[in-house]
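Asks: this is the structure alone, sequence omitted:
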């Protein structure tokens, strides 16, 4: 792994994604999901909404980096809010 540029921020990022996937797997085993329709025009499960929110977070971060030189932590806050909204009402 020494060939990769692992910074503390990168390690935290991938650790958070791994923890979310583990948590969702445990949640699914304890309480199987029921597909439902939210504000997206399709029926989704918890896993679908997590995937959509992770894609949205990637686009939020890319747009943030393209538009501003401000700290990426603000984009991470916006992405966290996006995750909460999608998981609750998506």
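Replies: Looks like it arrived, so ask away. Just so you know, these numbers come straight off a predicted model, no measurement behind them. Residues are numbered from 1 along each chain as shown.
Asks: how about the strands in the protein?
Replies: Applying DSSP state E to the chain gives strands spanning 36-37, 43-44.
Asks: so which elements touch the first one?
Replies: Translated: strand 36-37. For strand 36-37, the packing partners by 3 or more C-beta pairs under 8 Å, 6 or more residues apart in numbering; DSSP states H and E come out as strand 43-44. From N, CA and C alone the C-beta is placed, and that goes for glycine too.
Asks: which strands and helices sit next to the strand it packs on?
Replies: Partner elements for strand 43-44 (3+ C-beta pairs under 8 Å, 6+ apart): strand 36-37.
Asks: now with 10 Å?
Replies: Using 3 or more C-beta pairs under 10 Å, 6 or more residues apart in numbering; DSSP states H and E, the elements in contact with strand 43-44 are strand 36-37, helix 46-67.
Asks: quick one: average confidence on the first one?
Replies: Just to be clear, that refers to strand 36-37. The pLDDT scores in strand 36-37 average 90.
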